[in-house]
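J.: Below are the sequence and a predicted model; questions follow.
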Amino acid sequence: MTTKAEYVTQWARERLDEIDATIKVFDRQISSLEEKSRAQAQKLLDDMKRQRDAFQEKFQSLKHQGGDALTHAKDELEKNWDTFESFVQRFLVEARHRTEVQQEAFRVRIDAQRKAWSDAIETTRKETSAFTASAKQQADAFLKEFQAQAEKVNKDLEAKAKAHEAGWDAFKSALVESRTAFDQAIAKSREAFKKVA
């Protein structure tokens, strides 16, 4: 069963995957920006990298301290994530004439979220292998529901990705919805596993 500390670890890893993927896109795309926007975009990219490093450093420190420290630090990590997101938003303002930058950033974030869903499903599948027969049956039913939810979220994200006219606000909203669904599915799995374990 996933503990609260394991949940926070999973949450932080997912955010780090999104952060790293976003930074890689912006690193690749920055030279394509108009000269007047490039300097400000580079400053914002540098800020994003510092924010990523701070997030990662804080996460590693808390992970090293153990369960309680990690459990209580999610709010602090969320503030760090929100700051990173504000830099992303400002970078995209500088890249507003390059819609492919927005689309690629959205695409790599979809991939990072897809990986998080896949990893969570695989972890859940491994956890169910130790259950008794009746508990395993209940857990398998939940796992199917979890997979169906992941497929629905994936389908919704893909639809947004194909809607080229969608702006960053629509992309961002879809990513937030996916993260929320993921967090809710993980919380639901923790509760379901408490009942069957």
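T.: Good, I have the coordinates.

J.: State the next helix or strand along the chain beyond the lowest-mean-pLDDT helix or strand in the chain.
T.: Lowest by mean pLDDT, DSSP states H and E among the helices and strands of the chain is helix 67-72, with a mean of 69. Sequence-wise, the next helix or strand downstream of helix 67-72 (DSSP states H and E) is helix 74-94.

J.: which other helices and strands contact that following helix?
T.: If contacts are counted by 3 or more C-beta pairs under 8 Å, 6 or more residues apart in numbering; DSSP states H and E, helix 74-94 sits against helix 4-29, helix 35-65, helix 99-128, helix 168-196. In short, each C-beta sits where N, CA and C put it, glycine included.

J.: between those, which one is nearest to Gln89?
T.: Comparison of these against Gln89 by C-beta to C-beta identifies helix 168-196 as nearest, at 7.4 Å.

J.: Check which helices and strands the closest one is in contact with.
T.: Applying 3+ C-beta pairs under 8 Å, 6+ apart, one finds that helix 168-196 makes contact with helix 4-29, helix 74-94, helix 99-128, helix 133-162.

J.: Wait, Val101 touches Val88, no?
T.: No - in this structure, Val101 is not within contact of Val88 by C-beta atoms under 8 Å, at 10.8 Å.

J.: rank the helices and strands packed on helix 74-94 by pLDDT, which is bottom?
T.: Lowest mean pLDDT within the helices and strands packed on helix 74-94: helix 168-196, a mean of 75.

J.: May I see the buried residues of it?
T.: 168, 171-172, 174-175, 178-179, 181-182, 185-186, 189, 192-193, 196 (16 or more other C-beta atoms under 10 Å).

J.: tell me which of the residues you listed is nearest to Asp156?
T.: Using C-beta to C-beta, the buried residues of helix 168-196 come closest to Asp156 at Ala174, 6.6 Å.

J.: residues near the residue found closest to that closest one once you drop the neighbours it is linked to in the chain, how many?
T.: Of all residues not flanking Ala174 in the chain, Lys160 sits nearest, at 4.3 Å (C-beta to C-beta, 6 or more residues apart in numbering). As a burial measure, Lys160 scores 18 neighbours (other C-beta atoms under 10 Å).
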